[in-house]
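sequence below, structure please.
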Amino acid sequence: MADPEKAPDPFYVPAHAGADDYLHEAAEANDPPSGTFYDPENDGIQVESLGVHEHWNNPVDKQYSRNLGSGSGIELLKTSSILDADLNDDAKVNLKDFSELAQY
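Okay, the predicted model is just below:
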């Protein structure tokens, strides 16, 4: 857990190049690599982890920890066919289709 009284490490160097860092910070918001105390509501309570962030094993297999049986994180599900986005069969793909999807 990051210390709310301690300033983030000024010499912190991101572990990953590019925009990936914010994903690592969010996934470990309760104990982020930067040491930042994330308190968006300014109530002295540190935000908890905002979820999981993983990288797949390689660009061909695209397997995550659950696919590999090595963790309880992300699992990539593959489909064998292209899904039809016109969920309400009105011959248009629009927000009405999204509202159909949101019901699941």
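
which segments of this protein make up each domain?
Domain assignment for the chain by automatic domain parsing gives 1-53, 56-104.

distance between the shortest one and the chain's centre?
Which is domain 56-104. Domain 56-104 sits 15 Å away from the centroid of its parent chain (C-alpha atoms, centre = their mean, to the nearest Å).

could I get the average pLDDT for that domain?
Across domain 56-104, pLDDT averages out at 84.

and if you look at the longest one?
Per-region confidence: domain 1-53 scores 80 on mean pLDDT.

please identify the most buried of the domains of the chain.
The highest mean neighbour count among the domains of the chain, using mean count of other C-beta atoms under 10 Å, belongs to domain 1-53: a mean of 12. Backbone N, C-alpha and C define where each C-beta goes, glycine included.

which residues of this structure fall in helices?
When assigned using DSSP state H, the helices of the chain occupy the ranges 20-27, 65-68, 95-102.

show me what the shortest one is packed up against.
To tie it back to what came earlier, the one meant is helix 65-68. Helix 65-68 sits against no helix or strand, with contacts defined as 3 or more C-beta pairs under 8 Å, 6 or more residues apart in numbering; DSSP states H and E.
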